[in-house]
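task: produce atomic coordinates for the following.
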Amino acid sequence: MSTIDPTATPPATGRHSAEAAVADPSAVGAVDDTGTDVDVVVGGPDTAPPIGPFDGWPGVPRFGTLPVPLADAVANVGIDLPVGRVTALHARPEASARGVVLLVPGFTGSKEDFGGFLPLLAERGWDAWSYSQRGQADSAAPAGAENYTLESFAQDVVTVAALVGGGGPVHLLGHSFGGVVARAAAILAPEAFLDVTLLCSGPHGWAGRMEREAAIVRERGSAAWWNEDNPHTVGLPDAALTADEAFRRLRMGATSDDQLLGAAAILSDENDTTGELLATGLDTLVAHGVDDPAWPQDWQASMAGLLDARYAIIPEAAHSPQLENPKATADLLDEFWGRDRAHPPANPQQQ
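The predicted structure follows:
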């Protein structure tokens, strides 16, 4: 085990509408798998540039209105899949890329969870991508629970990886629920990936997980879930809310009810596919914040051992290390992705 030194959306079928809000993805957060709030900076004038193509990718509107533009290296683009267009953020390095990395967000999240993190990866030479999964925020949201199975989420990852990687394998990271999807994608098509990072993501779910939340969404929709957990915001305009409340209410209302129900069911599935992931032969990194509450940390450590994976605990972080300790998280990923595969460490868990 290693401990890191921190110093070294338009509505669509199946969605609920929400009031327009402004958001800065360079500091955006989420309601994580445990319901924990993560700070987000929201507010300010509309400074979004005109929509246009970026390196051949179609430009898309920002999700919310940015008071401060993203770093110049970051573009808002669309990726067209069989399910429809999903939205992505792309940060390019100034020099030749060392490789392509694809980051998959978690439950109730979106690509903006990595908006301020992608430039840190680009600074380290990585061609970095994150995308909102089907049904999340402003990505395509087909109606019907049958469109939100683990297999459909995983196939999207494989397809997106092939497109952003130009047909070559990419480094894959999944955060929380995104980690469940990432492992399924790796099992589905291991040749599409160079390695897999499971960030704050456990080996399996448990019965009853998200049962209350799923019941609310099923009966009254995602907006009702928001209102149940944030009664002080009911009926108030965005201007009367805190910055992160305004953005998260926007995102919750824009996310498909069917998507939330499908993801909640996956998070409650006790099936453990660690053995299947091991059989792919892919190098794996398991990492989480020192205060991560989402999955039992001993489960994550045990999973790392079974995978013969690199295992790292990120200090001064909980369930969203890319937001809570971005430099240490970026340094960890940079070292893992850039390692010498021809001469691996004698004991990777101790590096």
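
hmm, residue 309 is touching residue 282, no?
No: applying Cβ atoms under 8 Å as the test, residue 309 and residue 282 come out as separate, 9.6 Å apart. Where C-beta positions appear, they are placed from N, C-alpha and C, glycine not excepted.

which of those two has more residues huddled nearby?
Neighbours per residue, other Cβ atoms under 10 Å: of residue 309 and residue 282, the larger number sits with residue 309, 24 against 20.

now that one: closest residue in space that isn't a chain neighbour?
Spatial nearest neighbour of residue 309, chain neighbours left out: residue 284 (3.9 Å); criterion: Cβ to Cβ, 6 or more residues apart in numbering.

what of residue 234?
Excluding its sequence neighbours, the residue lying closest to residue 234 (Cβ to Cβ, 6+ apart) is residue 227, at 5.1 Å.

would you confirm that that neighbour contacts residue 235?
No: if you go by Cβ under 8 Å, residue 227 and residue 235 don't touch, sitting 9.2 Å apart.

between these two, who's got more neighbours?
residue 227 (18 against 6).

how about the helix or strand that contains that one as PDB, C-alpha atoms only?
Using DSSP states H and E, the element containing residue 227 is helix 222-229. Backbone C-alpha positions of helix 222-229 (Å, rounded to 0.1, in the frame of the first residue of the first chain) are rendered in PDB as follows:
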ATOM      1  CA  SER A 222     -35.500  13.300  -9.500                       C
ATOM      2  CA  ALA A 223     -36.600  16.800  -8.600                       C
ATOM      3  CA  ALA A 224     -38.500  15.300  -5.700                       C
ATOM      4  CA  TRP A 225     -35.300  13.600  -4.500                       C
ATOM      5  CA  TRP A 226     -33.600  17.000  -4.500                       C
ATOM      6  CA  ASN A 227     -36.400  18.600  -2.600                       C
ATOM      7  CA  GLU A 228     -36.500  15.900   0.000                       C
ATOM      8  CA  ASP A 229     -32.800  16.300   0.800                       C
END
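
I'd like the next helix or strand past that helix.
Sequence-wise, the next helix or strand downstream of helix 222-229 (DSSP H and E) is helix 243-254.

how about that following helix: buried residues?
Of all the residues in helix 243-254, those buried under the rule 16 or more other Cβ atoms under 10 Å are 243-254.

of these, which is the nearest to residue 94?
residue 247 (29.7 Å; Cβ to Cβ).

what about the closest one, distance to residue 299?
Taking Cβ to Cβ, to the nearest Å as the measure, residue 247 falls 31 Å from residue 299.

kindly report the same for residue 162.
Distance from residue 162 to residue 299, by Cβ to Cβ: 31 Å.

thinking again about what came up before, the residue nearest to residue 309 in helix, strand or coil?
strand (DSSP: H, G, I helix; E, B strand; the rest coil).

try residue 79
strand.

circling back to that earlier point, flag every buried residue along the helix holding residue 227.
222-227, 229.

could the residues you listed go into a markdown table alongside pLDDT and distance to residue 144?
Formatted as a markdown table, the buried residues of helix 222-229 follow (pLDDT from 0 to 100; distance: Cβ to Cβ, whole Å):
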| residue | pLDDT | distance to residue 144 |
| --- | --- | --- |
| 222 | 88 | 16 |
| 223 | 89 | 20 |
| 224 | 89 | 20 |
| 225 | 88 | 20 |
| 226 | 87 | 23 |
| 227 | 89 | 25 |
| 229 | 89 | 26 |
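
make CSV out of the residues you listed and add distance to residue 141.
Listed next are the buried residues of helix 222-229 as CSV, based on distance: Cβ to Cβ, whole Å:
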residue, distance to residue 141
222, 11
223, 15
224, 18
225, 16
226, 17
227, 21
229, 22
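
so where's the chain uncertain?
In the predicted model, the chain carries pLDDT under 70 at residues 1-53, 64-73, 341-351.

can you show me the strands along it?
Using DSSP state E, the strands of the chain run over 2-3, 74-81, 84-91, 99-104, 126-131, 170-175, 193-199, 283-289, 310-314.

verify the stated contact: residue 183 with residue 174.
Yes: taking Cβ under 8 Å as the contact criterion, residue 183 and residue 174 are neighbours in contact, 7.0 Å apart.

list the contacts for the residue lying closest to residue 185 once chain neighbours are set aside?
Once flanking residues are discounted, residue 185 sits nearest to residue 157: 3.7 Å by Cβ to Cβ, 6+ apart. Under the criterion of Cβ atoms under 8 Å, 6 or more residues apart in numbering, the contact list for residue 157 reads 102, 104, 172, 181-182, 184-185.

nearest to residue 86 among those residues?
Taking Cβ to Cβ as the measure, residue 86 lies nearest residue 104 of the contacts of residue 157, at 11.0 Å.

with adjacent residues omitted, what lies nearest to the closest one?
Sequence neighbours aside, residue 178 is the residue nearest to residue 104 in space, at 3.6 Å (criterion: Cβ to Cβ, 6+ apart).

next up, the contacts around the one you found.
Taking Cβ under 8 Å, 6+ apart as the criterion, residue 178 is in contact with 103-106, 109, 133, 199, 201.

again, only using 6 Å
104-106 (Cβ atoms under 6 Å, 6 or more residues apart in numbering).

quick one: the residue lying closest to residue 54 once chain neighbours are set aside from residue 59, how far?
Nearest residue to residue 54 in three dimensions, chain neighbours excluded: residue 75, at 4.0 Å (Cβ to Cβ, 6+ apart). When Cβ to Cβ is applied, the distance between residue 75 and residue 59 equals 7 Å.
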